[in-house]
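A.B. asks: Kindly return the folded structure for what I paste below:
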Amino acid sequence: MADVFEVLGGDHAEVKRMLDALEGSPGNSAGANGAVVAARKAVAERLVMDCSAHEVVEEQYFWPVVRERLPDGNGLADEAIEQESQAKHVLNELAKIGGSHPEFDTVVGTFIPACRAHIEFEESRVWPGLRKVLSPDESQQLGEKITKAKKRAPTRPHPRTPPTPAVLATVGPAIAVVDKLRDAVAGRR
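C.D. replies: Below you'll find the model as predicted:
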C-alpha cells in the first residue's frame, strides 16, 4: 500500500491536472462553446468533490500528525488549515454556480493560484520535515488511514464545519452520507 506522501502526492497530481485543464481551456469570456462550458463545469465538479474529500482527511489525520511530530507543526498546520478554509469558501461558491454563469471564470481564476500555492506549501514546507520524523511503517499506516477515510469523506465543501479531528470524526460521516445522496440525485460521480 502507498505511504502518506504517495497518497497525498497522487491527489495533488490529479488536482494539478484538473487545474491545468481549466486553465488551458477557453472560458466564457473567451467565447467558449456549449461543449467546452459543459466540460469545464464537469472538471470543476470533480475538483470540488476531490478537494473536499482531500481537505477533510488531511484535517482529520494528516495535520494532527504534523502538529504532534514537527517542532513547528502547530504553525505549519494552522497556516495550511487557514489556506484550506479559504479554499472551502471558494469551492462552495464554485459548487453553486453553473459553467455558463458569468462568475464561473472569476471563481475558477481565484481558486487556481491559491490551490497551486497550497500544494506547493505542503510539498515544500511540510513534507520534508515530516519525511524525516516518520518511520516507513508510520508513513504507510497514515497513508492507509487517509486512503480509507477518503472513501467515507464528504464530497462537498463545508466551510462552516470546524476543521478539528474530533468534530470531523463525529459529524463527518453524517455529512458524507448527505453529500453522497445529493451527488446521486444530481448525477455526480
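A.B. asks: Find the centremost residue of the protein, please.
C.D. replies: Geometric centre of the chain, nearest residue: C51, 2.2 Å, by C-alpha atoms, centre = their mean.
A.B. asks: Excluding covalently adjacent residues, which one is nearest to it?
C.D. replies: Spatially, and ignoring its direct neighbours in sequence, C51 is nearest to L91 (5.8 Å; C-beta to C-beta, 6 or more residues apart in numbering). Every residue, glycine included, has its C-beta placed from N, CA and C.
A.B. asks: what kind of secondary structure is the one you found in?
C.D. replies: Judged by DSSP: H, G, I helix; E, B strand; the rest coil, the three-state class of L91 is helix.
A.B. asks: ok so, going back, quick one: average confidence on the helix or strand hosting the residue nearest to the centre of the chain?
C.D. replies: According to DSSP states H and E, C51 maps onto helix 34-57. Average pLDDT, helix 34-57: 88.
A.B. asks: So which other helices or strands are in contact with that helix?
C.D. replies: Contacts defined by 3 or more C-beta pairs under 8 Å, 6 or more residues apart in numbering; DSSP states H and E place helix 34-57 against helix 4-23, helix 73-96, helix 104-121, helix 136-152, helix 165-186.
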